[in-house]
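In: please work out how this folds:
(chains A and B)
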Amino acid sequence: MRFSKMFIPTLREAPADAEAISHILMLRAGYVRQLAAGLYIFLPLGWRVLNKIDAILKEEMESIGAQEISMPILHPAEIWQQTGRWDMIGGEMFRLKDRTDRDFCLGMTHEEIMTWLASREIRSYRDLPQVWYQIQTKLRDEARPKSGILRTREFIMKDSYSFDADDAGLDKNYELHAEAYHRIFSRCGLRFMQVESDPGMMGGGYSHEFMAPSPAGEDEIALCDHCGYSANVELALSTPLASETPDWPCEEVHTPDKRTVKEVSNFMKLQPSNFLKSILVISEQGPVLALVRGDQELHEKKLAKVIGSHRPAQKIEVKEILGVEAGFIGPVGREIRMIADHSLKQGAFVSGANKQHYHIKGIRAEKDFTAEWHDIHIAKAGDLCSSCSTPLRVERVIEIGNIFKLGTKYSSALKAVFLDENGQEKPIIMGSYGIGPARIAAAAIEQNFDKDGIIWPKSIAPFDVELIPLNMNDPKTVETAEALYRELRLEKIDVLMDDREERAGVKFKDADLIGIPTQIVLGEKTLKEGLVEIKDRKTKEMVKVKVEEVIAHLKATP
RNA sequence: CGGGGCGUAGCGCAGUUUGGUAGCGCGCACGGUUCGGGACCGUGAGGUCGGAGGUUCAAAUCCUCUCGCCCCGACCA
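Out: Now for the predicted structure:
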């Protein structure tokens, strides 16, 4: 492509409402434009990147036997009603009616529709397994679109679905996808890891996420460098370091107006880990007291797995239900249902005394209070790995892909069944597997940039090479550039030639911003010696090469 | 959905406190000089001051309502 003909609107200054690096750079380098909150236009450069990623996705999907199809994004409500998700999902689903008042929604994902297809077409175990995939638009009315392209309301996803006759088949397809995903993200030049994850609204029991470390990410994962344990902090298990607990006698302490763990621990000159924190929540079955150690945070999702959905109690409710002001509540002498974190099992702690302006010191599990024991704290850096007791690291990450074992949740609901070898009717066993190409692109930028702009991994760069003839008024420069341009294209090397009548400085700045991995600079003086400069965008290293040897040189440096 | 911030030329911003009829830098167009890291000089185009209503002789500026965008949190296949 010729730069002069291609629409690449670069910006010297970043629009004020962009914050994430990938967002700023994609805007500045002319890859995307924002239409509205969470809606992005991909400009020619941006679309080329997505196409490169898609090509890798297709290759790797085909390599594990997945077959590409394409599904509508407008879905009749009935199918979503049959699986229950029409009612389960709230405002995140775009809903609409057709002219005859029939309910529809815009697809957030395609489990329902894929399963519907399977239910109509698959009869026998002989038809299985099947793996179908598509690269298709999804729509979700996100509560909070953010970080440019990272969290949008409309986005493209590669989603695949496996259909098997038995669990072994599902395990196989799950494993094949995990392997394909490793190849995909490696080929895209990302640093990433596979972690255990919470299946969430997908249902089913078993899932992993693929995470690319980046400060721009929205998720956090806990990692053990020793045994390799890694999980989203949403479900990561950990053992908080044991706290030093002197063998206090049980006694009340006057703590006037000291309510928070911080206030009381400063007042009593103790560590937060010497405290027992009591949090009142309201569940559907009534109030529940959640107990965690003072230096830990309550994990609402973990708690929800024990007591179901719940909300924190308001200050007035605490007073009404427990008869004492928040800040002085504790487990001692309470009849209420209590869920306590494992870290409180051993040792003596300080908690609220259930008496205004008093705390109680030296309370012990089982002796002074009883509770149901669960892991309900948020894993944090420094906690010990629950399997090998090594301190955990916590890292911020971008979710770039996920894989789920769905089981029969959707096939049962939609009657996607087959007859097995014995003529028995059984629900198909399913898995679903997603990758967000735009997130791959954003993560690649977040992981590869410098002060001058983007540094694309070669595999997903919009072009392989940028040809930069500096002086378009010099016939020799233009002639050589045109010749090289032709030659590169004959060699199937994607080349962008900056043939604009611009000053050298502008071309250099734009080239660095856009981030094509290799730059070939044609300067008037070096050209007189028959040389051009080949420059690496990432390392800034430059070598002078004879014009005739450019192709050979490019081929020699992968 | 809760909290905070911001809407003035294509982009970045000033002007709003104290009401007097809109300005700077970049970009854009034209002419000239320049030409290996976002050139310089000159001329010029471009604005419903997010929108609606109100107060006032007069509103970008004050009041009310409303829309949009960003950030934090809640939420999140």
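In: CA-only coordinates of stretch A:122-140 in CSV, if you can.
Out: Taking Å, rounded to 0.1, in the frame of the first residue of the first chain, the C-alpha atoms of stretch A:122-140 are listed here in CSV:
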residue,chain,number,x,y,z
ILE,A,122,-27.5,-34.3,15.5
ARG,A,123,-29.2,-37.6,16.0
SER,A,124,-26.6,-40.3,16.7
TYR,A,125,-23.4,-40.8,18.5
ARG,A,126,-22.1,-41.4,14.9
ASP,A,127,-22.6,-37.6,14.3
LEU,A,128,-20.3,-36.8,17.2
PRO,A,129,-18.0,-35.2,18.0
GLN,A,130,-18.5,-31.9,16.3
VAL,A,131,-16.6,-28.6,16.9
TRP,A,132,-18.1,-25.5,15.3
TYR,A,133,-16.6,-22.0,15.5
GLN,A,134,-17.2,-18.5,14.1
ILE,A,135,-15.6,-15.1,14.3
GLN,A,136,-18.6,-13.1,15.0
THR,A,137,-19.9,-9.8,16.5
LYS,A,138,-21.3,-10.0,20.1
LEU,A,139,-23.3,-7.3,21.8
ARG,A,140,-23.5,-6.6,25.4
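In: now it: buried residues?
Out: For stretch A:122-140, burial by neighbour count (16 or more other C-beta atoms under 10 Å) applies to A:122, A:125, A:128-136, A:138-140. Where C-beta positions appear, they are placed from N, C-alpha and C, glycine not excepted.
In: so which of those residues reach RNA strand B?
Out: A:138, A:140 (C-beta under 7 Å from any atom of the strand).
In: want to throw the buried residues of stretch A:122-140 into CSV with pLDDT?
Out: Below are the buried residues of stretch A:122-140 laid out as CSV (pLDDT from 0 to 100):
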residue, pLDDT
A:122, 97
A:125, 97
A:128, 97
A:129, 97
A:130, 98
A:131, 98
A:132, 98
A:133, 98
A:134, 98
A:135, 98
A:136, 97
A:138, 97
A:139, 96
A:140, 95
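In: and the buried residues of stretch A:122-140, which of them are in strands?
Out: Those of the buried residues of stretch A:122-140 mapping onto strands are A:130-136, A:138-139, per DSSP state E.
In: list just the nearest of the residues you listed to residue A:518.
Out: residue A:135 (27.9 Å; C-beta to C-beta).
In: could you tell me which residues make contact with the closest one?
Out: By C-beta atoms under 8 Å, 6 or more residues apart in numbering, the residues touching residue A:135 are A:54, A:57-58, A:68, A:156-158, A:437.
In: among those, which are within reach of RNA strand B?
Out: residue A:157.
In: using neighbour counts, trim the contacts of residue A:135 to the buried set.
Out: A:54, A:57, A:156-158, A:437.
In: closest one of these to RNA strand B?
Out: residue A:157 (4.8 Å; C-beta to the nearest atom of the strand).
In: which pLDDT value belongs to that closest one?
Out: pLDDT for residue A:157: 97.
In: just the one 3 residues further on next, same as before
Out: The per-residue pLDDT reported for residue A:160 equals 98.
In: what's the distance between the closest residue to it other than its chain neighbours and RNA strand B?
Out: Leaving out its chain neighbours, the residue that sits closest to residue A:160 by C-beta to C-beta, 6 or more residues apart in numbering is residue A:133, at 3.4 Å. Distance, residue A:133 to RNA strand B, using C-beta to the nearest atom of the strand, to the nearest Å: 12 Å.
In: how about residue A:48?
Out: For residue A:48 relative to RNA strand B (C-beta to the nearest atom of the strand), the value is 20 Å.
In: tell me the spacing between that residue and residue A:253.
Out: 67 Å (C-beta to C-beta, to the nearest Å).
In: which of the two has more neighbours?
Out: residue A:48 (20 against 16; other C-beta atoms under 10 Å).
In: quick one: secondary structure of the more buried one?
Out: Of the three states, residue A:48 takes helix under DSSP: H, G, I helix; E, B strand; the rest coil.
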